[in-house]
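Chemist: Here is my input; please provide its structure:
(chains A and B)
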Amino acid sequence: MDIKLISTIAAALAVSVGSIGPALAEGRSVAAAMDAIARQPEAAGTISRTLFVGLAMIETMAIYCLVVALILLFANPYAG
Amino acid sequence: MASSPLASAILFHLGPVAITRPVVTTWAIMAVLTLGSWAVTRRLTLHPDRRQATLELIVAGIMGQVEEVIRKEARPFLPILGTLFIFLVAANLSGVLPGVEAPTGKLETPAALALIVFVSVHFFGVRARGPLGYLASFAQPKLIMLPLNVVSEITRTFSLMIRLFGNVMSGEFIIALIVGLAGLFVPIPLMALEILVGLVQAYIFTVLATVFIGAAVCTVARS
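Modeler: Below you'll find the model as predicted:
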């Protein structure tokens, strides 16, 4: 197969497969945070700050996939 | 195909050094922030007027947030963390202005900012605990954790850089794609989302820098 074709397929695969895990994880963490805030509304400030930081950590995985996809598309070392 | 988001346009050469577009944008933001800070802090009085009250609100707000994370006197860390936050807000939101690209959407600016955080973490760590005490903290809780702690120092700096770059760049990239596909006014909701993402990313970058510094001066558990 052509290297461009392979790179395009690999980029699409990287983003689509790589976003499944972070999506599930973000859903779970937001649900847990909602639960915690419903139980303890006075701790909402601390919980949401920690939630934001945690979400950023989780989202980094999806962003890594995006960066890999972009490198494949725009800065592919094998495309020459 | 849209132009590569990994490359930046070269505007002119200063001797052998190529000056790219994000660098010029960063200079402009730095000039605006420096002049603005000088202008608003010129006449500080004991009875604040509206301008000074807003200024005090911002500074006290940042200080309160830093204090909550670091659980210590926030004053020594305020210059770097506050500047980082205000610069990031300005840089992320500058992409909304017509004709301006956010400098944080190119790889170089987040890399420089992450390096600043990396250096300042060790600076504050050594200053708080002394060189030997700080080095010994890498062997906590057991000596076998030493390689993991050293690796995590590097990977977390790297992820700090990639996170900021990826979020800002992907937003601009999607807007550019939709302008190309759909037309002029269609991406306006996405631009509104981009403002929110820019603010959240500035906040997250600053909070993570605070957590890292807090871990180095040993008030927060190592993350």
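
Chemist: for B:Ala136, what are its contacts?
Modeler: Contact analysis of B:Ala136 by Cβ atoms under 8 Å, 6 or more residues apart in numbering or on different chains lists nothing. From N, CA and C alone the C-beta is placed, and that goes for glycine too.

Chemist: in the helix or strand containing it, what's buried?
Modeler: If you go by DSSP states H and E, B:Ala136 is part of helix B:108-136. Neighbour-count burial for helix B:108-136, counted by 16 or more other Cβ atoms under 10 Å in any protein chain shown, picks out B:108-111, B:113-114, B:117-118, B:120-121, B:124-126, B:128-129, B:134.

Chemist: what does stretch B:203-219 give?
Modeler: Going by neighbour count (16+ other Cβ under 10 Å), the buried part of stretch B:203-219 is B:203-218.

Chemist: Repeat that for stretch B:135-153.
Modeler: Buried residues in stretch B:135-153 (16+ other Cβ under 10 Å): B:Ser137, B:Phe138, B:Glu153.

Chemist: Please apply the same query to stretch B:47-62.
Modeler: By neighbour count with 16+ other Cβ under 10 Å, stretch B:47-62 contains the buried residues B:Gln52, B:Ile62.

Chemist: Could you do stretch B:11-19 as well?
Modeler: When burial is assessed from 16+ other Cβ under 10 Å, stretch B:11-19 yields no buried residues.

Chemist: Now tell me what touches it from outside.
Modeler: B:Ile10, B:Thr20, B:Arg21, B:Val24.

Chemist: Now intersect the residues you listed with the helices, please.
Modeler: Judged by DSSP state H, helices contain the following of these: B:Arg21, B:Val24.

Chemist: out of the buried residues of helix B:108-136, who's near chain A?
Modeler: Restricting the buried residues of helix B:108-136 to those within reach of chain A (Cβ under 8 Å from any Cβ of the partner chain) leaves nothing.

Chemist: so does the strand or helix carrying B:Gly171 get close to chain A?
Modeler: Element membership for B:Gly171, per DSSP H and E: helix B:146-181. Yes - using Cβ under 8 Å from any Cβ, helix B:146-181 comes into contact with chain A via B:Ser159, B:Ile162, B:Arg163, B:Phe165, B:Gly166, B:Asn167, B:Ser170.

Chemist: Surely the fifth one is in contact with A:Ile63?
Modeler: Yes - between B:Gly166 and A:Ile63 there is a contact under Cβ atoms under 8 Å: 3.4 Å.

Chemist: Neighbour count for these two, which is higher?
Modeler: Between B:Gly166 and A:Ile63, B:Gly166 has the larger neighbour count (other Cβ atoms under 10 Å in any protein chain shown), namely 26 against 22.

Chemist: for the more buried one, what are its contacts?
Modeler: For B:Gly166, the contacting residues are A:Thr60, A:Ile63, A:Tyr64, A:Leu66, A:Val67, by Cβ under 8 Å, 6+ apart.

Chemist: B:Asn167: neighbouring residues, count only.
Modeler: B:Asn167 has 26 neighbours, counted by other Cβ under 10 Å.

Chemist: tell me the SS of residue 6?
Modeler: Since you didn't name a chain, this refers to chain A. Of the three states, A:Ile6 takes helix under DSSP: H, G, I helix; E, B strand; the rest coil.

Chemist: oops, chain B please
Modeler: At B:Leu6 the chain is in coil, as set by three-state DSSP.

Chemist: Relative to chain A, how far out is it?
Modeler: 5 Å (Cβ to the nearest Cβ, to the nearest Å).

Chemist: Let me know whether that residue touches A:Leu70 as I believe.
Modeler: Yes - the pair B:Leu6 / A:Leu70 is scored as a contact, 6.3 Å apart, by Cβ under 8 Å.
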